[in-house]
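Novice: Model the following, please.
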Amino acid sequence: MTSLPSSSQSSNLDPVLARMAPEVATSFSPAQRQALAAALTPRRHPIDVRLSIPLGWSRVYLVLLAGTETRSPQRRQFEAAQHPLWTPLNLLVVVGTMGLGIAALLALLTVNSTNLSRLLNPNSAPAGIPFKDDQASCEASGRTWQDNACLDFGHDPTF
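Specialist: Numbering: from 1, shown residues only. As a prediction, this is how the structure comes out:
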């Protein structure tokens, strides 16, 4: 004896049956209804990220689902044929994402190598380096020789 679908399963099933011709919808046995309701019940994935991204003139959505693979080899092969991975648009998205990632990394490296103390406090005075008394040793250490003095413009005024 088969049990009837639960109320949550039947609520998933009702819209599907409503789209069918009435004579087809009423022809399902209780076991068939239960199997159909089980097939329509959404699965839970350990990783389930769903984003809606505004692009100004419209919106696009991005879904990332991940979990243990439970599909049969036949189903995986069928789905790979129906939805190939390397289409021109997919390739464009992958290359674009990699390009944005590289650009962000380069921006972080640029900010990291920029002397932020000079940008944040441009009125700070350079520090004089007393132990560098000739132009060659001063410039070799990455400092500036100016008015017969070795100056460190990268000196952090909060030091």
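
Novice: CA atoms for contacts and neighbours, from now on please.
Specialist: Will do.

Novice: Would you check how far apart residue 139 and residue 51 are?
Specialist: 53 Å (CA to CA, to the nearest Å).

Novice: Those two: who's more crowded?
Specialist: Neighbours per residue, other CA atoms under 10 Å: of residue 139 and residue 51, the larger number sits with residue 139, 14 against 10.

Novice: In space, what's closest to the more buried one - neighbours in sequence excluded?
Specialist: residue 145 (6.6 Å; CA to CA, 6 or more residues apart in numbering).

Novice: The host helix or strand of that neighbour: which residues count as buried?
Specialist: Assigned by DSSP states H and E, residue 145 belongs to strand 144-146. By neighbour count with 16 or more other CA atoms under 10 Å, strand 144-146 contains the buried residues 144-145.

Novice: Tell me which residues of the helix or strand that it is followed by come out buried.
Specialist: Using DSSP H and E, the helix or strand that follows strand 144-146 towards the C-terminus is strand 149-152. Across strand 149-152, burial judged by 16+ other CA under 10 Å covers 149-152.

Novice: Among these, which one lies nearest to residue 32?
Specialist: residue 152 (81.5 Å; CA to CA).

Novice: neighbours of the closest residue to residue 60 other than its chain neighbours, just the number please.
Specialist: Excluding its sequence neighbours, the residue lying closest to residue 60 (CA to CA, 6+ apart) is residue 53, at 5.3 Å. Residue 53: 11 surrounding residues under other CA under 10 Å.

Novice: what about residue 53, distance to residue 92?
Specialist: For residue 53 relative to residue 92 (CA to CA), the value is 17 Å.

Novice: Which strands or helices does the strand holding residue 145 pack on?
Specialist: helix 135-140, strand 149-152 (3 or more CA pairs under 8 Å, 6 or more residues apart in numbering; DSSP states H and E).

Novice: Direction included, what does that strand pair against?
Specialist: As defined by DSSP bridges, the strand partners of strand 144-146 come to strand 149-152 (antiparallel).

Novice: So what touches the partner strand?
Specialist: For strand 149-152, the external contacting residues (CA atoms under 8 Å, 6 or more residues apart in numbering) are 126-130, 132-135, 138, 143-145.

Novice: picking up where we left off before, so which of the helices and strands packed on strand 144-146 gets nearest residue 47?
Specialist: strand 149-152 (51.2 Å).
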